[in-house]
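J.: Any chance you could fold what I've pasted below:
(2 chains)
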Amino acid sequence: MATRNWITNTLASVSFAALLWVGSSPTWAESKDQKEMRGLDEQVQEIKSDVLAIAQELSRLEEKLLFPSGTQVAVFVAVAEGDPMRLDAVRLQVDGELVAHYIYSFKELEALRKGGVQRIYVGNVSTGDHQLDVLVDGKREGGADFSHTEHFTFRKDVKPKLVGLTLAGPDSGKTPIVLGDW
Amino acid sequence: MRTSYRLLGVGLTLGLAAYPAVGADLKDLYFGEALYHAYQGQYFEALQRLDAELAQYHGLDEPVLDTLHYHINGAEFSVGDFELNYRMHRRAGRAIKAVLEGAVDPAVRNEAAFRLARIHFQKDQLDDALHALGRIEGPVPPAIKDDVEFLRANIYMATGRPAEAAEVLKPLRSDPSFAGFASYNLGIALLQEGKSKDAIEQLDKAGQLKAEDRADLAIRDKSNLVLATLLFESADPDKARLSLDRVRLDGPFSNQALLRAGWAEASTEHYDRALVPWNILVEREPTDAAVQEAMLAVPHAYASLNVNGRAAVMYDRALTQYSAQIERVDASIDSINGGRFLNALVREESRQDKDWVIRLRSLPDAPETYYLMELMASHDFQTALANYLDLEDLRSKLTTWQTSFDAFDDLIRLRGGNYEPLLPSVDAQFRELDSRMHLRLEQRKQLGKRLHAMLTAPRPDYLATADERIAGERIAVIEKQLSGVNTQTAIALRERAAHLHGALTWRLETEYHERLTEAYVHLNELNQYVDALNRQYEAFVRVRQAATHSYVGYEDQIERLRTRVSDALPQVNGLMTRQGQLIETVAINQLKARRERLVDQQTQARYAVADSYDRAARAQTGGEEH
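T.: Next comes the predicted model:
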């Protein structure tokens, strides 16, 4: 009988304790480990800062070396606001040469839908007029495939050329591919 | 007293960190690119891009002309948000303080104050969080008005000021997006304040709120569970039972609710009814603490009902299960000691799948993560784990960069090798062309000056054609030869020469304006060729400079970067090792604690099984005697 009571009491107290955890920060007691974890966190923040600074300088170096401003052209892709289409792929040709063929993941498409802009291509062209052919593959809201091609001309001057493409699906009533200059 | 209610607050407020909606109004493509990365959770890339954009913007003489100017407030906030999401709280704090102390309108400043308070709250710097909220004055953007108050209430609760928290939370209950959390927190605040009756009433309301999304459903379940505990403590098992009935059977709190429901019945000695939830529970995931507790509770109920044979069998079963679980925990500890836990955590699929913690269990040799779920759900562990993964990313980036320096060196060497033999002859040709070009341009300049002078001082002879000039010179020679000769023939010839001279002069004088206009037209026609020449000249100079710039002057920068990367890599590796060891230690400690509990339960079961067999035997003997 004593054994049974002891078990009952123990079980009940454990059960209460378990419930009182609810709503509060679980299991990771204030401890040496926690202090060390926070100390490490500070150091991790510092190294992140250092590596970010390296990344920025490296990126500037890369740009200077590989895409100098005199010849740089960058093409960006955005999706028209509220467009229900599912963008599958974009292909770009500059002066007849295929320079980008990008297939979108769900995450990337979501990022575009939220207003993000993808830098799909960075390259070099000479100053003057150039032909840009854009081919968009996707699915309409109902799931049917669509494909749209558009041809543009852009002019490259001395400064870096930024070309923005805003894509819209066939159900949006908007121009399928709009080229913007920046 | 400072109680930790961080999870509730942080979970909600982090989700509120929204980036500016740019959509069709986007003016700066690079800002849009930073958002594109951020929306995918690639905060390193987002920060890299946006930091560069902001640095460029702030370095401009006329930043108002830059495209980022249209989004500058959003960009300044976003950089803080990105840093916060990338767990760089110190930099995020600095970024937001910069906005707070800048010349911005009150609404923007107030939003910055809110964001700063949120960072302090997340870092457990509660006084600083309250101080930051205290800086909010005047208009608060409607989108964050309730967020501010919810955060304020959380801070009050965490600093042991439940009465103030309750006052702040009361109006928030009417906000649909906060109703569940505000109602629950209000109940807890009242409980902290010692107003148990009010707390019960409030939690009862929170437990009956309409809910659709997972978070609201979970908080409703939690409200009911806490309410049931309070009612149970208040010796009101009937109401406790009603409250527990409202907890969903497939929700995250269902195991605890089933356990509690059993105890509610057991407390009134309705062991037969207690067996209903406990028998459901005992068939569930055996690694769950509530299930393990039910393994003892079920035979206990049978024993209380004097079904001792069944109780003995169930205690026996519990013993077997506890032994199996202890073995699993031991295997998990071995697995962690063998480094397999960290290996599993850094696997790419672990990062892609939101249910990765559960999927870890299916990996061979990975530890039994169910035992670590609670630990892994904690804020500190999540931060530690995220830092470990971030360090792994940094390590991978730094390693890749190390090889890219070699590629840069090759590129520069090849470019140098290509250009250096060519450039001297190109430069020599250019110098020759350059001098010829300058000569022609000087000639054109002189012609222009002469024509301009002829507008005020006419010089018809300057506009004579080549034939006319030759003819004029020949007439002059003839006139010179005939001068002083007075023969009849010479006189006649002199007259003819004078006539020709006069005819020539007449033509030059009468056609002067026409010729001058024509000369201007021709000179202007030359302008387009001169312009084309200048353009070509400038283009050549640019290309020539670009040729040099493509391989000269990079050595120092590359060497500096190479050194920085080489210095950073061992630091990252060292931090990763320490972070990894700490994660492993904490996980092992957690498993050891669970093991102790299992051993304790095993001991209880061992005593109880013997007791139950004795009682069953005695009952059988008694039955036979009768």
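J.: Around chain A, pick out the residues from the stretch 51-200 of chain B.
T.: B:Asp51, B:Ala52, B:Ala55, B:Thr67, B:Tyr86, B:Arg87, B:Met88, B:His89, B:Arg90, B:Arg91, B:Tyr184, B:Ile188 (C-beta under 8 Å from any C-beta of the partner chain). The C-beta positions use only the backbone N, C-alpha and C, and glycine is treated the same way.
J.: now the stretch 501-626 of chain B, which segments are flagged as low pLDDT?
T.: B:622-626 (pLDDT under 70).
J.: switch the cut-off to 50
T.: B:625-626 (pLDDT under 50).
J.: With chain A instead?
T.: Looking at chain A by pLDDT under 50, you get A:1-29.
J.: those strands in it, which residues are they?
T.: Applying DSSP state E to chain A gives strands spanning A:72-79, A:86-94, A:97-103, A:118-124, A:128-139, A:145-156, A:161-167, A:177-181.
J.: which outside residues touch the shortest one?
T.: Meaning strand A:177-181. If you take C-beta atoms under 8 Å, 6 or more residues apart in numbering or on different chains as the criterion, strand A:177-181 is touched by A:132, A:134, A:136, A:148, A:150, A:152, A:154, A:162-168.
J.: Apply 7 Å and report the result again.
T.: Strand A:177-181 is contacted from outside by A:Val134, A:Val136, A:His148, A:Glu150, A:Phe152, A:Val163, A:Gly164, A:Leu165, A:Thr166, A:Leu167, using C-beta atoms under 7 Å, 6 or more residues apart in numbering or on different chains.
J.: Stretch B:385-402 now?
T.: Residues external to stretch B:385-402 that are found in contact with it (C-beta under 7 Å, 6+ apart): A:41, A:44, A:47-48, A:51, A:58, B:44, B:87, B:345-346, B:351, B:565, B:568-569, B:572-573, B:575-576, B:579-580, B:583.
J.: still on that earlier bit, name the nearest of the contacts of strand A:177-181 relative to B:Glu468.
T.: Set against B:Glu468, the nearest of these by C-beta to C-beta is A:Phe152 (56.4 Å).
J.: Excluding chain neighbours, what is closest to B:Leu508?
T.: Of all residues not flanking B:Leu508 in the chain, B:Pro460 sits nearest, at 3.9 Å (C-beta to C-beta, 6 or more residues apart in numbering or on different chains).
J.: if I look at that neighbour, how far off is chain A?
T.: 46 Å (C-beta to the nearest C-beta, to the nearest Å).
J.: got it, and B:Asp334?
T.: For B:Asp334, the distance to chain A - C-beta to the nearest C-beta - is 21 Å.
J.: Just give me the neighbour total for that residue.
T.: Neighbourhood size, B:Asp334 [other C-beta atoms under 10 Å in any protein chain shown]: 13.
J.: helices or strands up against the helix or strand containing it?
T.: B:Asp334 is part of helix B:308-337 when elements are defined by DSSP states H and E. In terms of contacts (3 or more C-beta pairs under 7 Å, 6 or more residues apart in numbering or on different chains; DSSP states H and E), helix B:308-337 is packed against helix B:289-304, helix B:555-625.
J.: Most tightly packed of those?
T.: Mean neighbour count (mean count of other C-beta atoms under 10 Å in any protein chain shown) peaks for helix B:289-304 among those, with a mean of 24.
J.: Name the nearest residue to B:Ser223, sequence neighbours excluded.
T.: Nearest residue to B:Ser223, sequence neighbours excluded (C-beta to C-beta, 6+ apart): B:Ala206, at 3.7 Å.
J.: ok, the one you found - contacts?
T.: Residues near B:Ala206 by C-beta under 7 Å, 6+ apart: B:Gly180, B:Ser183, B:Tyr184, B:Gly187, B:Arg220, B:Ser223.
J.: longest helix anywhere in chain A?
T.: helix A:32-66 (DSSP state H).
J.: Find the nearest non-adjacent residue to residue 55, please.
T.: Unless you meant another one, I'm taking chain A. Nearest residue to A:Ala55, sequence neighbours excluded (C-beta to C-beta, 6+ apart): B:Gln48, at 4.9 Å.
J.: hmm, I had chain B in mind actually
T.: Using C-beta to C-beta, 6+ apart, the closest residue to B:Ala55 is A:Gln56 (7.8 Å).
J.: Could you check how far that neighbour is from B:Asn85?
T.: The gap separating A:Gln56 from B:Asn85 is 18 Å, by C-beta to C-beta, to the nearest Å.
J.: now A:His148
T.: Taking C-beta to C-beta as the measure, A:His148 falls 35 Å from B:Asn85.
J.: A:Glu110 now?
T.: 16 Å.
J.: neighbour-wise, which of the two wins?
T.: Taking neighbours as other C-beta under 10 Å, A:Glu110 and B:Asn85 compare with B:Asn85 leading, 17 against 13.
J.: Please verify my assumption that the more buried one contacts B:Phe44.
T.: No: using C-beta atoms under 7 Å, B:Asn85 is not in contact with B:Phe44; the gap is 10.3 Å.
J.: can I assume A:Gly115 is in contact with B:Ala34?
T.: No: A:Gly115 lies out of contact with B:Ala34 (C-beta under 7 Å); the separation is 11.3 Å.
J.: ok, those two, which is more surrounded?
T.: Ranked by neighbour count (other C-beta under 10 Å), A:Gly115 and B:Ala34 place B:Ala34 first, with 30 against 21.
J.: quick one: contacts for that one?
T.: With C-beta under 7 Å, 6+ apart, B:Ala34 has these contacts: B:Ala46, B:Arg49, B:Leu50, B:Glu53, B:Ser78.
J.: what's the helix or strand for the third one?
T.: What that stands for is B:Leu50. Using DSSP H and E, B:Leu50 falls in helix B:43-58.
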